[in-house]
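Participant: task: produce atomic coordinates for the following.
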Amino acid sequence: MTDIAFLSANRLAKLIRKRKIGCLELLDHYLSRVERFNPALNAIISTDIPAARRRARLADKMVANGEKLAPLHGVPVTVKESFDVKGLATSWGVPAYRNNIAKEDAVSVRRLRNAGSVIFGKTNIPTWLADCQSVNPIYGKTLNPWNVDRTPGGSSGGSAAALSAGLTGLEMGSDIAGSIRNPAAHCGLFGHKPTMGICSTLGHTLANNLAPIDMLVIGPLARSADDLAISLSAIVGLDEIDATGLKVSLPPARKKQLKEYRISILVDDNTVPLARDIVALQQELADFLKSSKVELEIGERPSFDAEEAHRIYDIMLRATTSARQTDEEFDANVAAREALDPEDDSKWARMLRGMTLSHRDWTVLNEARHQIRWKWHEYFQTYDLMLTPATMMTAIPHTETPPYERSVVIDGIQRPFMNQIWLPGYSNFTYLPTTVAPIGFASDGLPVGVQIIGPQYADRTCIHFAGLLEKHFHGFTPPPGFD
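Facilitator: Predicted coordinates for the structure are as follows:
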C-alpha cells in the first residue's frame with residue numbers, strides 16, 4: 001500500500017477535515033519519514049519542529065471545535081531555503097549569510113500559513129540559486145530520489161527531492177531560469193511558474209532587498225495539479241503598496257475538456273538539441289493528444305526568431321543578477337568584456353556582456369523583449385497553449401564543474417550544459433505562466449516532464465491542462481524504495 005505521505009496536499013487536507021487523521025499525527029508521520037530518508041537525500045536542511053508541533057496542535061483544536069478551516073489546514077509544508085521563515089537562516093547557500101536569521105516570514109510564507117499549512121522546515125538550494133543542481137558549501141549536496149547518483153535539479157532541487165520522496169506535503173520554490181520547472185521534471189512532479197509579478201516576492205531575498213528582481217517569480221511544486229491551483233490561490237497577490245490600488249484577478253481556465261483545446265507542441269526543437277528519449281516522450285504525448293481529439297499542431301511557434309530570443313534572454317538574465325558582483329569583480333569583468341572579439345557570441349561572451357550591461361543597452365534589449373511578448377500575444381489568439389520539453393535530457397550526474405564550463409553528453413554528442421536554460425527561457429523573460437507536468441520515464445528510468453506555456457495571466461489554464469494530463473495521461477509516481 002502506498003504511504004499516505006505520497007497523497008496530494010488537497011487529499012491530506014480533506015482527510016483532516018473529515019477527521020480521518022489528525023494534524024499533529026500527520027506532521028509526526030512526515031517527521032518520522034524525514035528521520036528515516038532525509039539523511040540519504042539531504043533535501044530538508046533546517047527545521048523548527050517545536051513551532052510546527054505547536055501549530056499542528058492548534059490546528060487540531062480548530063478541527064475539534066468545528067471552526068471554519070482554510071484549504072491547506074493542517075498540511076505539513078516545507079519551503080525553499082531562499083524564503084524567509086521566522087527563526088530560521090536564509091543564506092541562499094552563501095557562507096557569508098549562514099547566520100542570517102529571519103526576523104519575520106516572507107509574504108508568501110505568511111500567506112501559506114494563512115491558508116492553514118504547517119510549515120516545518122526548509123529545503124536545499126545551490127549557491128546563489130545559480131545552478132541546475134542543488135549543492136552549496138553550507139548544507140552540502142541534495143540527491144535525486146529516483147537515482148542518488150543524479151541531481152534533483154535546481155535551484156529548487158531540495159524542494160523537488162523532498163516532495164518526490166514523500167517527506168513533505170507541499171513545497172514552494174522560485175524560478176528565474178527554470179528553477180521550479182527543471183526540478184519538477186527531474187523528480188516526476190508538477191510545478192508552476194506564475195505570470196511574473198502576480199505573487200509578491202518580498203522576503204525571498206538577501207540583505208533585506210525590497211526591489212523585485214526582473215524575471216524572478218515564486219511558485220509551488222506539488223504531487224498533483226490540484227495542489228498547484230490551491231497553493232497558487234494561497235500565495236497570489238501583490239505587496240502592501242501595490243495592493244492599495246491594484247488587484248490580481250486571474251481568469252478561469254479557457255476550456256474544460258481536452259478535446260476543446262487548441263494546442264501547438266514542439267516534439268523536437270532545432271534550437272535546443274534534445275535527447276532522443278525526450279523527443280520520443282514528447283511524440284507519445286502528441287499522439288495521445290491527437291487520439292483525445294485535441295486540435296493539435298506540431299512545431300507551430302510564435303513568429304519570432306528563437307535563436308535571437310535565446311541570445312536576449314542569456315544577456316538579460318546575467319544583467320538581472322549582476323548586482324551580486326563586488327566592485328573588484330565588476331571591474332575585472334568589464335576588462336574581460338572589452339577584450340572580447342566583437343564577433344564572439346559564445347555563452348561566456350553573453351554572460352560578460354550581461355554582467356556589465358549599461359542601462360542604455362538594457363533598454364534596447366528590453367524593447368526587443370517586449371516585441372517578442374507581443375508576438376506571443378498574437379500567437380495565443382490562435383492557440384490556447386504551447387507545449388515544449390521541460391528539459392533537454394534527464395537529470396544529470398552530480399558534478400563540481402561550474403555551469404558555464406560544463407558540458408553534457410546527449411546521445412553521444414558533447415553539448416554546452418547551459419543550453420538547458422533556453423527551454424524555460426521561452427516564457428521566463430516574456431513573463432508568461434508555465435506549468436510542468438510529468439509525462440513518463442526515459443530509458444534510464446528517470447522522470448521526464450512537459451512544459452505548458454500559456455498567455456500572460458492564464459495561469460489557471462496552464463494548471464487545468466496539467467490536471468487533464470494527470471487524469472488521462474500520466475500523473476505522479478512515487479520513486480521506489482521510499483514506502
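
Participant: quick check, residue 44 in contact with residue 37.
Facilitator: No - Residue 44 is beyond contact range of residue 37, at 9.7 Å (criterion: CB atoms under 8 Å). Every C-beta, even on glycine, is put in place using the N, C-alpha and C of the backbone.

Participant: and the residue nearest the centre of the protein?
Facilitator: Note on the chain: the residue nearest the mean C-alpha position is residue 180, at 1.0 Å, using CA atoms, centre = their mean.

Participant: ok, that residue - contacts?
Facilitator: 156, 173-174, 191-193, 219-221, 436 (CB atoms under 8 Å, 6 or more residues apart in numbering).

Participant: run through the bridge partners of residue 79.
Facilitator: residue 122, residue 172 (DSSP bridges).

Participant: likewise the one 10 residues further on?
Facilitator: Here residue 89 sits in beta bridges with residue 101, as judged by DSSP bridges.

Participant: quick one: contacts for it?
Facilitator: So residue 89 contacts 46, 97-102 (CB under 8 Å, 6+ apart).

Participant: ok, it to residue 77 distance?
Facilitator: Using CB to CB, to the nearest Å, residue 89 is found at 18 Å from residue 77.

Participant: quick one, which of residue 44 and residue 37 is more surrounded?
Facilitator: Using other CB atoms under 10 Å as the criterion, residue 44 and residue 37 rank with residue 44 on top: 27 against 20.

Participant: and the more buried one, what pLDDT?
Facilitator: According to the prediction, residue 44 has pLDDT 98.

Participant: what about the nearest residue to it once chain neighbours are set aside, neighbour count?
Facilitator: Excluding the flanking residues, the one nearest residue 44 by CB to CB, 6 or more residues apart in numbering is residue 121, at 4.8 Å. Using other CB under 10 Å, the number of residues around residue 121 comes to 27.

Participant: and for residue 36?
Facilitator: Residue 36, neighbours per other CB under 10 Å, totals 12.

Participant: how is residue 408 assigned, secondary-structure-wise?
Facilitator: strand (DSSP: H, G, I helix; E, B strand; the rest coil).

Participant: wait, doesn't it sit right on residue 394?
Facilitator: No - applying CB under 8 Å as the test, residue 408 and residue 394 come out as separate, 10.5 Å apart.

Participant: with neighbour numbers in mind, choose between those two.
Facilitator: Neighbours were counted for residue 408 and for residue 394 using other CB under 10 Å; residue 394 has more, 22 against 18.

Participant: relative to residue 163, how far out is that one?
Facilitator: 18 Å.

Participant: which SS state does residue 177 fall under?
Facilitator: At residue 177 the chain is in coil, as set by three-state DSSP.

Participant: phi, psi for it please.
Facilitator: phi -150, psi 40 (degrees, to the nearest 10).

Participant: ok, it touching residue 428?
Facilitator: Yes - counting by CB under 8 Å, residue 177 does reach residue 428; the two are 6.4 Å apart.

Participant: intersection of neighbour lists for the two?
Facilitator: residue 317.

Participant: stretch 331-339 - what's its average pLDDT?
Facilitator: For stretch 331-339, mean pLDDT rounds to 97.

Participant: so which residues make contact with it?
Facilitator: 325, 349, 352-353, 355-356.

Participant: now do the buried residues in it.
Facilitator: Neighbour counts over stretch 331-339 (16 or more other CB atoms under 10 Å) mark 333, 337 as buried.

Participant: separate out the buried members of the contacts of residue 89.
Facilitator: 46, 100, 102.

Participant: give me the nearest residue to the last one, chain neighbours excluded.
Facilitator: Taking CB to CB, 6+ apart as the measure, residue 102 lies nearest to residue 84, with 3.7 Å between them; neighbours along the chain are not counted.

Participant: how's the chain carved up into domains?
Facilitator: Here the domain parsing of the chain from automatic domain parsing is 4-257, 306-373.

Participant: how about the residue in the chain that sits furthest from its center?
Facilitator: residue 65 (37.0 Å).

Participant: what residues does it make contact with?
Facilitator: By CB under 8 Å, 6+ apart, residue 65 has no neighbours at all.

Participant: pLDDT at it, what is it?
Facilitator: Looking at residue 65, its pLDDT is 98.

Participant: same question, residue 403
Facilitator: 89.

Participant: again, but for the one 4 residues further on
Facilitator: Model confidence at residue 407, expressed as pLDDT, equals 93.

Participant: likewise for residue 209?
Facilitator: 85.

Participant: and what of the one 3 residues further on?
Facilitator: Per-residue confidence for residue 212 comes out at a pLDDT of 91.

Participant: with residue 1 instead?
Facilitator: 46.

Participant: what about stretch 131-138, how long is it end to end?
Facilitator: Criterion CA to CA, to the nearest Å; first-to-last residue distance in stretch 131-138 is 15 Å.
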